[in-house]
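S.K.: sequence first, then the predicted structure:
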Number of protein chains: 2
Amino acid sequence: MAKPFLPPGFRFHPTDVELVWYYLKRKVIGKSMQFEAISEVELYKFSPWELPEKSCLHAKDLEWYFFCPRDRKYPNGIRTNRATDIGYWKATGRDRTVMHNSCIVGMKKTLIFHVGKPPKGNRTDWVMYEYRLESKELADAGYS
Amino acid sequence: MAKPFLPPGFRFHPTDVELVWYYLKRKVIGKSMQFEAISEVELYKFSPWELPEKSCLHAKDLEWYFFCPRDRKYPNGIRTNRATDIGYWKATGRDRTVMHNSCIVGMKKTLIFHVGKPPKGNRTDWVMYEYRLESKELADAGYS
């Protein structure tokens, strides 16, 4: 995949729908993307401040985009493991829907990085938005 | 000038410095730009809602970018004429500086569209940011 050449003033500022319904869907169904806008990183192996340099675009911006394989807390469980070496990402608020053409195509979860061990970690200013596809919609799309 | 092909998620979201110190400076000194990101429009010949379709990029976004030749209120005066057929753009607040490498490279004025004649026009939700180069900085740059 080529890295896009961007003239001054042009940046990667995707909408929630573009993130979910173009990038994440293509990643999940293995469809190729024209440009390498989002790199795959095992987010929980790193501290938040180590992540910007792993972004393929705009390391100087204040937002970075990654694909991350989901890691289960227990082999047979459905809980996602969001612990890192020095802390953990903790969900805050409700998951929000990502709507496209009146359909829910994905969900968006807000996570805040805490240093330490739960439940006693100290909250930081690092925020992550985790997007996931809603599988019904993906099934409807028929993988074609 | 070519219009850039933009993959999903990529948009024109210039910073104030990019607007002033790349685009406006190049326009003023007549240096070519690689892409047609900003069209030249005589803004005051139109109502705000007629402007989006005149943008060369992102007519569906909620921000549009234009170059506009300055129009003096009186032939020998320095006041800028910001009246349109059905109303006028009125400055609000103080002009803000655009800083680059600790230097003021431009100024940014906020204008709000009012329908009617001053001073009795009715305020609307249409906001314009007017950028101008600071001539000292442009002189320092030496036009090279």
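M.R.: Right, received. Where do you want to start? Numbering: from 1, shown residues only, chains lettered A, B, ... in the order given.
S.K.: for residue A:98, grab the count of nearby residues.
M.R.: Look at residue A:98: counted by other C-beta atoms under 10 Å in any protein chain shown, it has 24 neighbours. (C-beta placed from N, C-alpha, C; glycine too.)
S.K.: who's the residue lying closest to residue A:27 once chain neighbours are set aside bridged to?
M.R.: The shortest distance from residue A:27 to any non-neighbouring residue, by C-beta to C-beta, 6 or more residues apart in numbering or on different chains, is to residue A:67 (5.4 Å). Bridge pairing for residue A:67 (DSSP bridges) gives the partners residue A:40.
S.K.: tell me the contacts of residue A:67?
M.R.: Contact analysis of residue A:67 by C-beta atoms under 8 Å, 6 or more residues apart in numbering or on different chains lists A:23-24, A:27, A:38-41.
S.K.: give me the buried subset of those residues.
M.R.: The neighbour count (16 or more other C-beta atoms under 10 Å in any protein chain shown) marks A:23-24, A:38, A:41 as buried among those.
S.K.: can you redo those as a markdown table with secondary structure?
M.R.: Shown next, in a markdown table, are the buried ones among the contacts of residue A:67 (DSSP: H, G, I helix; E, B strand; the rest coil):
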| residue | secondary structure |
| --- | --- |
| A:23 | helix |
| A:24 | helix |
| A:38 | coil |
| A:41 | coil |
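S.K.: from those, pick the one nearest chain B.
M.R.: Comparing the buried ones among the contacts of residue A:67 against chain B with C-beta to the nearest C-beta places residue A:23 closest, at 6.9 Å.
S.K.: now that closest one: closest residue in space that isn't a chain neighbour?
M.R.: residue A:38 (5.7 Å).
S.K.: ok, now residue A:100?
M.R.: Residue nearest to residue A:100 in three dimensions, not counting chain neighbours: residue A:17, with 4.7 Å by C-beta to C-beta, 6+ apart.
S.K.: backbone dihedrals for that neighbour, both of them.
M.R.: phi -70, psi -40 (degrees, to the nearest 10).
S.K.: related to what we said a few turns ago, of the contacts of residue A:67, closest to residue A:130?
M.R.: For the contacts of residue A:67, the residue nearest residue A:130 by C-beta to C-beta is residue A:24; the value is 10.6 Å.
S.K.: quick one: contacts for the spatially most central residue of chain A?
M.R.: Centrality entry for chain A: nearest residue to the mean C-alpha point is residue A:130, 4.3 Å, by C-alpha atoms, centre = their mean. Shown in contact with residue A:130 (C-beta under 8 Å, 6+ apart): A:108-111.
S.K.: and with 7 Å instead?
M.R.: Counting by C-beta atoms under 7 Å, 6 or more residues apart in numbering or on different chains, residue A:130 touches A:109, A:111.
S.K.: pull up the gap between it and residue B:18, please.
M.R.: Counting by C-beta to C-beta, to the nearest Å, the separation of residue A:130 from residue B:18 is 30 Å.
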